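K.L.:
structure for the following, please:
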Amino acid sequence: MAAGHSLEVDPARWQAGLEELLGRVAGRFGRVEPRRRARAFVLGLLSDLPRKNCWTIAEHAGNPSPDGMQHLLGRAVWDHDGVRDDLRAYLVEYLGDPEAVLVVDETGDLKKGVQSVGVQRQYTGTAGRIENAQVAVYLVYATDAGHGVIDRELYLPKGWINDPERLQAAGVPDQVGFATKPALAKAMLTRTLDAGVPAAWVTGDEVYGADPALRAELERRGIGYVLAVACDHPVLAAGDTYRADALLRRVPARAWQCVSAGRGAKGHRYYDWAFIRLDDGDPSPGGQAGQRWLLVRRNRTTRELAFYHCWTARPVSLATLVRVAGQRWRIEERFQTGKGLCGLDQHQVRRWRSWYRWTTLAMVAHAFLVVAAATEQTRHPPPSGLIGLTCNEVQHLFATLAASPAGDLGHRLHWSLWRRRHQARARTCHYQRQATQP
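P.N.:
Just a heads-up that it's a prediction; the model follows:
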């Protein structure tokens, strides 16, 4: 039966699905040339190239040099924000659910040097410490059918904002000012909800849970949230302000319940949970009437605690709050697949526009994988003994069966010469620069 199921994989159907997605964004390109090049770029991102950058993608596409791909990212006329909007509509069409969860989080890409836009020494969860990195905030749309990245914003540290020459050199638009990560998340959520995307919840980590403006905006819109907060996060309960962990004394032993936060790669993620009512439905400053809760998670082995500030417009069960909290892991999965499969973090661009264009095209490639995996699960549910097709498996099969590289032996030899010639020029320039330094 498993062998019969494998025959259902149809590369032609996947190719048609990719062409459908690319057709949706085609109107965002001013000319046919950048539209065709964008198609080749996405195919390169979906390939099995060990490293994805303008050089390798251009060689994969059969181009004689990377100039065309670099032009696509830096100077060609096309609307990358419009592509983002079309991509969001595409994912919602296939995954849409009124109870969807919008997940916000940031990720860092470790970088060398100081010239790439937004790069400086800063904390990044990717490394778990302060490193030279570029940090961006992303928004994921998560439902039972699947989850995909629908928006992105690059974080510019204050050191960049206070350096006009550096901003100009990186092509940062004049209207861009300093924005905190919660402010970037709020802008993306506003954009998404204003577009009519169906969703009932927002979740995120402590960076976003600590921001009162973000929480108030979600309450104003009637969107529930389950946002992680630190143990010393101040919460208002019965008219007084307490540290989150100080409220644990109100939790009797019988109140803890073992509930799964969702399935992981190794099975259900079971934790002990309890929740504490924070008010009687009165609105907080700048917020709306509803129900506020402090949700507490306890690791069943280490006894480590985590806290979540929650708001709902209507009564919900503990299981519902836990389900939303568990969706936070979805964005980590998307970071892994986006980077590992579609080169989200492999760009070698330095300027503002190029970063947004690379990231948007990587999101397009990733959305194709998400929808292909989701539709295959619906069309051909896996038989006993098989898991369903994942994004990783779809990408591997698509790259093997459909996204084969262009070019013959002569093309490969041409690229070998091109790389060596370019590297020789670069080495000469480095030596000359070194010789002029005191």
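
K.L.:
report how many residues lie close to the closest residue to Ala402 other than its chain neighbours.
P.N.:
Of all residues beyond its chain neighbours, the one nearest Ala402 is Pro11 (4.4 Å), with distances taken as C-beta to C-beta, 6 or more residues apart in numbering. From N, CA and C alone the C-beta is placed, and that goes for glycine too. Look at Pro11: counted by other C-beta atoms under 10 Å, it has 13 neighbours.

K.L.:
right, and Pro11 touches Leu397 too?
P.N.:
Yes - the pair Pro11 / Leu397 is scored as a contact, 7.3 Å apart, by C-beta atoms under 8 Å.

K.L.:
so who does the residue nearest to Ala402 touch?
P.N.:
By C-beta atoms under 8 Å, 6 or more residues apart in numbering, the contact list for Pro11 reads 397-398, 401-402.

K.L.:
show the pLDDT at it.
P.N.:
On the pLDDT scale, Pro11 is placed at 78.

K.L.:
next one: Arg263
P.N.:
78.

K.L.:
who's it bridged to?
P.N.:
His268 (DSSP bridges).

K.L.:
what residues sit buried inside stretch 383-392?
P.N.:
Buried residues in stretch 383-392, defined by neighbour count with 16 or more other C-beta atoms under 10 Å: 389, 391.

K.L.:
who touches that stretch?
P.N.:
For stretch 383-392, the external contacting residues (C-beta under 8 Å, 6+ apart) are 1-2, 5, 9, 337, 340-341, 366, 369-370, 372-373, 376-377, 381-382.

K.L.:
got the contact list for Thr37?
P.N.:
Careful, residue 37 is Arg; it's not Thr. 61, 68-69, 72, 76.

K.L.:
can you redo those residues as TSV with secondary structure, distance to Ala133 and neighbour count?
P.N.:
Shown next, in TSV, are the contacts of Arg37 (DSSP: H, G, I helix; E, B strand; the rest coil; distance: C-beta to C-beta, whole Å; neighbours: other C-beta atoms under 10 Å):
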residue	secondary structure	distance to Ala133	neighbour count
Ala61	helix	30	21
Gly68	helix	29	19
Met69	helix	25	26
Leu72	helix	25	26
Ala76	coil	28	20
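
K.L.:
and the two most separated of these?
P.N.:
Ala61 and Ala76 (14.8 Å; C-beta to C-beta).

K.L.:
follow-up on the earlier one: list only buried entries from the contacts of Pro11.
P.N.:
397-398.

K.L.:
what's the closest of the contacts of Pro11 to Lys111?
P.N.:
Distances from Lys111 to the contacts of Pro11, taken by C-beta to C-beta, are shortest for Phe398, at 29.2 Å.

K.L.:
so how far is Thr400 from the residue nearest to that closest one when sequence neighbours are not counted?
P.N.:
Leaving aside its sequence neighbours, Phe398 sits nearest to Trp14 (C-beta to C-beta, 6+ apart; 5.5 Å). Applying C-beta to C-beta, to the nearest Å, the value for Trp14 to Thr400 is 11 Å.

K.L.:
who has more neighbours out of these two?
P.N.:
Trp14 (23 against 12).

K.L.:
wait, Thr337 touches Leu369, no?
P.N.:
Yes - under the criterion of C-beta under 8 Å, Thr337 makes contact with Leu369 at 7.2 Å.

K.L.:
comparing these two, which residue is more hemmed in?
P.N.:
More crowded of Thr337 and Leu369, by other C-beta under 10 Å: Leu369, with 26 against 21.

K.L.:
name the SS class of the nearest residue to Gln377 once chain neighbours are set aside, please.
P.N.:
Nearest non-adjacent residue to Gln377, counting by C-beta to C-beta, 6+ apart: Gly388, 4.5 Å away. The assignment at Gly388 comes out as coil when based on DSSP: H, G, I helix; E, B strand; the rest coil.

K.L.:
ok, now Arg36?
P.N.:
helix.

K.L.:
run a quick neighbour tally on it.
P.N.:
Arg36: 16 neighbours (other C-beta under 10 Å).

K.L.:
from Cys231, how far out is Phe275?
P.N.:
Distance from Phe275 to Cys231, by C-beta to C-beta: 16 Å.

K.L.:
equivalent analysis for Leu417, please.
P.N.:
Leu417 is 60 Å from Cys231, by C-beta to C-beta.

K.L.:
with Phe368 instead?
P.N.:
From Phe368 to Cys231 the distance is 41 Å (C-beta to C-beta).

K.L.:
settle it for me: which of these two has more neighbours?
P.N.:
Phe368 (27 against 14).

K.L.:
for the more buried one, phi and psi?
P.N.:
Phe368 has phi and psi values of phi -60, psi -40 when expressed as degrees, to the nearest 10.

K.L.:
next SSE after the longest strand seen in the chain?
P.N.:
Ranked by number of residues, the top strand in the chain under DSSP state E is strand 129-143. Tracing the chain C-terminally past strand 129-143 and defining elements by DSSP states H and E, one meets strand 146-154 next.

K.L.:
noted, bye for now.
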